[in-house]
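Structure for the following, please:
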Amino acid sequence: MFNEIVIHQGPDASPPKWAIDFAVGTACMSPCQKRKVGISVYRCIEALGSGIERTERTGISGFNGPPVSRCGTLTTPPASGHCDGSKACRDSCGRRCVHAEFRAIDTISTYGRRYSLTTDQMRMVHVKLDGAGKLIPNDGPSCVECSKHILDVGVGGIWLYQDSVWHTVLDAQEREAIEPRWIYYDAERFHRETCVRLGVY
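Residues are numbered from 1 along each chain as shown. Here you go, the predicted model:
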């Protein structure tokens, strides 16, 4: 049921549908009122060549939000006590919250050791939801903390549902006319494009 062929190349490339659905469901768990992000992870069980792989589900996921304490309660932002969408909450979330990628990566190494797998077999699926819970495109690689962690841990790659011309200067009407699509980045390319975009090097 969860064994599926994935093609990384071409305009119709996408991760497995169940991996997308799992990432969306995980994103819905996020308490964040600014943006809900979800990650699901699947495994490449067989490389078939030319960017084609046979895959299987792992059950690994992660969502963005405040860190969870050892006693199981969410740590609270200074003013509101929870993710409430206030200006103070939005202004501090980048410093206070855990990214979905980090939560997923923390589980990947444990999973790999348990089943004698290598992390480069793992593929991450990244989704972002709007306030109504609808899948929306992001604008490409943009977080160097996540990209360097993904590369350092050895994850094989990551799928982003994105505007494929994030690096091109367009007006709002031109950008609206472009159909977003799934784009696969191997970990090295993901980190390199993130660094170039942010001017890290």
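
thinking residue 4 is in contact with residue 46, fair?
No. Taking contacts as CB atoms under 8 Å, residue 4 lies outside contact range of residue 46: 11.4 Å. Every residue, glycine included, has its C-beta placed from N, CA and C.

ok, these two, which is more surrounded?
Neighbours per residue (other CB atoms under 10 Å) separate residue 4 from residue 46, with residue 4 holding more: 16 against 12.

can you pull up the bridge partners for the more buried one?
residue 55 (DSSP bridges).

Now do it, the pLDDT please.
In this model, residue 4 is scored at 91, pLDDT.

what sits in contact with each of residue 4 and residue 46?
residue 54 (CB atoms under 8 Å, 6 or more residues apart in numbering).

Determine the longest helix present in this protein.
Counting residues, the longest helix found in the chain (DSSP state H) is helix 100-115.

Now do that helix: which elements does it pack against?
Under the contact definition 3 or more CB pairs under 8 Å, 6 or more residues apart in numbering; DSSP states H and E, helix 100-115 sits against strand 36-49, strand 52-63, strand 122-129, helix 144-153.

Buried deepest among these, which one?
Neighbour counts averaged per stretch over these are highest for strand 122-129, at a mean of 26; criterion: mean count of other CB atoms under 10 Å.

still on that earlier bit, figure out which of the helices and strands packed on helix 100-115 is closest to residue 99.
Minimum separation from residue 99 across these (CB to CB) falls at helix 144-153, 5.6 Å.

Could you tell me the angle between the closest one and helix 100-115?
Interaxial angle, helix 144-153 versus helix 100-115 (axes from the mean of the first three to the mean of the last three CA atoms, to 10 degrees): 10 degrees.
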